[in-house]
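K.L.:
sequence below, structure please.
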Amino acid sequence: MTALAGDRNTPRAAGSLKSLQMAAAVLIYAGAIVCRNVTGYATKGAVATTLIGVGRANQRVDNSGGAAGDQRIEVEPGIFRFANSAAGDLITIADIGKPCYVVDDQTVGKTSGTNTRSIAGFIHDVDDLGVWVEFDESKVQTYLAGVANPA
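P.N.:
So this is what the prediction gives:
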(Lines give C-alpha, C1' and ligand atoms only; values in the text may rest on other atoms or scores of the structure.)
Protein backbone atom coordinates (compact mmCIF):
# COMPACT_ATOMS: atom_id res chain seq x y z
CA MET A 1 0.00 0.00 0.00
CA THR A 2 1.07 3.54 -0.65
CA ALA A 3 0.61 6.41 1.78
CA LEU A 4 -2.58 8.45 1.58
CA ALA A 5 -2.74 11.33 -0.84
CA GLY A 6 -6.21 12.40 0.29
CA ASP A 7 -9.03 11.78 2.76
CA ARG A 8 -9.94 8.19 3.61
CA ASN A 9 -13.26 6.83 4.83
CA THR A 10 -11.89 4.50 7.51
CA PRO A 11 -14.48 2.01 8.84
CA ARG A 12 -14.83 1.52 12.58
CA ALA A 13 -16.45 -1.07 14.77
CA ALA A 14 -18.73 0.91 17.07
CA GLY A 15 -19.60 -0.17 20.57
CA SER A 16 -18.49 -3.19 22.49
CA LEU A 17 -20.31 -5.90 20.54
CA LYS A 18 -18.20 -8.56 18.91
CA SER A 19 -19.27 -10.57 15.88
CA LEU A 20 -17.38 -13.83 16.18
CA GLN A 21 -17.09 -16.74 13.80
CA MET A 22 -18.45 -19.88 15.44
CA ALA A 23 -16.73 -23.19 15.96
CA ALA A 24 -17.91 -26.21 14.01
CA ALA A 25 -20.84 -28.28 15.27
CA VAL A 26 -21.94 -25.96 18.08
CA LEU A 27 -25.27 -24.46 19.17
CA ILE A 28 -25.07 -21.40 21.40
CA TYR A 29 -28.20 -20.17 23.18
CA ALA A 30 -29.02 -16.52 23.80
CA GLY A 31 -27.73 -15.54 27.22
CA ALA A 32 -25.05 -18.24 27.31
CA ILE A 33 -21.43 -17.83 28.33
CA VAL A 34 -19.43 -17.59 25.11
CA CYS A 35 -15.76 -18.51 24.95
CA ARG A 36 -13.11 -18.39 22.28
CA ASN A 37 -11.44 -21.74 21.61
CA VAL A 38 -7.74 -22.32 20.92
CA THR A 39 -8.27 -21.74 17.17
CA GLY A 40 -10.10 -18.45 17.79
CA TYR A 41 -13.68 -19.55 17.11
CA ALA A 42 -16.63 -18.87 19.42
CA THR A 43 -18.05 -21.79 21.35
CA LYS A 44 -20.38 -22.19 24.31
CA GLY A 45 -19.00 -22.34 27.81
CA ALA A 46 -18.07 -25.89 28.80
CA VAL A 47 -15.53 -27.79 30.85
CA ALA A 48 -12.29 -27.54 28.87
CA THR A 49 -8.80 -26.19 29.49
CA THR A 50 -8.29 -24.26 26.26
CA LEU A 51 -11.13 -21.71 26.32
CA ILE A 52 -11.16 -17.98 27.15
CA GLY A 53 -14.37 -16.31 28.32
CA VAL A 54 -15.47 -13.58 25.89
CA GLY A 55 -18.95 -12.54 27.04
CA ARG A 56 -22.66 -13.20 26.76
CA ALA A 57 -24.41 -14.41 23.60
CA ASN A 58 -26.92 -11.83 22.39
CA GLN A 59 -28.87 -14.35 20.31
CA ARG A 60 -29.23 -18.06 19.68
CA VAL A 61 -27.13 -19.31 16.75
CA ASP A 62 -27.14 -22.91 15.57
CA ASN A 63 -24.00 -24.02 13.77
CA SER A 64 -24.46 -27.64 14.86
CA GLY A 65 -24.45 -28.80 11.23
CA GLY A 66 -21.81 -26.37 10.04
CA ALA A 67 -18.07 -26.06 9.72
CA ALA A 68 -15.95 -23.59 11.67
CA GLY A 69 -16.74 -20.08 10.47
CA ASP A 70 -20.02 -20.95 8.71
CA GLN A 71 -22.03 -18.88 11.24
CA ARG A 72 -21.32 -15.76 13.27
CA ILE A 73 -22.61 -14.87 16.72
CA GLU A 74 -22.97 -11.49 18.39
CA VAL A 75 -21.22 -11.50 21.76
CA GLU A 76 -21.20 -8.72 24.32
CA PRO A 77 -18.34 -8.31 26.78
CA GLY A 78 -19.13 -6.63 30.09
CA ILE A 79 -20.58 -7.68 33.44
CA PHE A 80 -23.35 -10.28 33.51
CA ARG A 81 -24.91 -12.50 36.18
CA PHE A 82 -24.57 -16.26 35.83
CA ALA A 83 -25.40 -19.20 38.09
CA ASN A 84 -23.09 -19.97 40.99
CA SER A 85 -21.57 -23.40 41.39
CA ALA A 86 -22.23 -25.43 44.54
CA ALA A 87 -20.56 -26.87 47.63
CA GLY A 88 -16.76 -26.37 47.74
CA ASP A 89 -16.85 -24.57 44.41
CA LEU A 90 -19.37 -21.95 45.54
CA ILE A 91 -18.27 -18.36 44.95
CA THR A 92 -18.69 -15.92 47.86
CA ILE A 93 -18.11 -12.20 48.36
CA ALA A 94 -14.62 -13.06 49.63
CA ASP A 95 -13.82 -14.04 46.02
CA ILE A 96 -14.67 -10.67 44.43
CA GLY A 97 -11.86 -9.58 42.11
CA LYS A 98 -10.58 -13.12 41.60
CA PRO A 99 -11.00 -15.22 38.46
CA CYS A 100 -13.91 -17.61 38.08
CA TYR A 101 -14.07 -20.70 35.90
CA VAL A 102 -16.50 -22.10 33.33
CA VAL A 103 -18.61 -24.99 34.63
CA ASP A 104 -21.07 -24.93 31.72
CA ASP A 105 -22.73 -22.35 29.48
CA GLN A 106 -24.60 -20.74 32.39
CA THR A 107 -22.57 -21.59 35.50
CA VAL A 108 -19.26 -20.43 36.95
CA GLY A 109 -17.22 -21.90 39.78
CA LYS A 110 -14.55 -20.77 42.21
CA THR A 111 -11.92 -23.28 41.11
CA SER A 112 -10.39 -24.67 37.96
CA GLY A 113 -11.78 -28.09 38.91
CA THR A 114 -8.27 -29.49 39.38
CA ASN A 115 -7.08 -27.86 36.16
CA THR A 116 -9.99 -29.08 34.02
CA ARG A 117 -11.77 -25.74 33.54
CA SER A 118 -11.00 -22.54 31.68
CA ILE A 119 -11.21 -19.04 33.07
CA ALA A 120 -14.51 -17.29 32.33
CA GLY A 121 -13.64 -13.86 33.67
CA PHE A 122 -13.37 -12.05 36.97
CA ILE A 123 -15.84 -11.96 39.86
CA HIS A 124 -17.42 -8.50 40.03
CA ASP A 125 -20.07 -9.25 42.66
CA VAL A 126 -22.09 -12.06 44.22
CA ASP A 127 -25.75 -12.01 45.25
CA ASP A 128 -28.50 -14.48 46.09
CA LEU A 129 -29.23 -15.02 42.38
CA GLY A 130 -25.69 -15.71 41.20
CA VAL A 131 -22.29 -14.35 40.30
CA TRP A 132 -21.68 -11.13 38.38
CA VAL A 133 -18.84 -11.95 36.00
CA GLU A 134 -16.71 -9.34 34.23
CA PHE A 135 -15.83 -10.55 30.73
CA ASP A 136 -12.76 -8.83 29.28
CA GLU A 137 -10.67 -10.95 26.92
CA SER A 138 -7.56 -8.80 27.11
CA LYS A 139 -7.66 -8.71 30.92
CA VAL A 140 -7.94 -12.52 30.99
CA GLN A 141 -5.04 -12.89 28.54
CA THR A 142 -2.89 -10.59 30.69
CA TYR A 143 -3.82 -12.55 33.82
CA LEU A 144 -3.00 -15.87 32.16
CA ALA A 145 0.35 -14.55 30.90
CA GLY A 146 1.19 -13.53 34.46
CA VAL A 147 0.19 -16.92 35.85
CA ALA A 148 2.18 -18.74 33.18
CA ASN A 149 5.21 -16.46 33.65
CA PRO A 150 5.25 -15.33 37.28
CA ALA A 151 7.59 -12.42 37.99
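
K.L.:
any low-confidence regions in this structure?
P.N.:
Low-confidence segments of the chain, defined by pLDDT under 70, are located at 12-15, 148-151.

K.L.:
okay, helices next: where are they in it?
P.N.:
Assigned by DSSP state H, the chain shows helices spanning 137-148.

K.L.:
quick one: strands adjacent to the longest strand seen in the chain?
P.N.:
When the chain is parsed with DSSP state E, its longest strand is strand 119-127. Under the criterion DSSP bridges, strand 119-127 sits next to strand 99-104 (antiparallel), strand 130-135 (antiparallel) in its sheet.

K.L.:
ok, Asp128 - how many residues close by?
P.N.:
Neighbours of Asp128 under the rule other CB atoms under 10 Å: 5. Any C-beta I mention is one placed from the backbone N, CA and C, and that applies to glycine too.

K.L.:
state the distance from it to Val102.
P.N.:
Separation of Asp128 from Val102 (CB to CB, to the nearest Å): 22 Å.

K.L.:
can you check Arg72 too?
P.N.:
21 Å.

K.L.:
more neighbours, these two?
P.N.:
The residue with more neighbours, out of Arg72 and Val102, is Val102; 28 against 14, by other CB under 10 Å.

K.L.:
using JSON lines, lay out the strands paired with strand 119-127 together with distance to Gln141.
P.N.:
Listed next are the strands paired with strand 119-127 as JSON lines, based on distance: least, CB to CB, whole Å:
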{"stretch": "strand 99-104", "distance to Gln141": "12"}
{"stretch": "strand 130-135", "distance to Gln141": "12"}
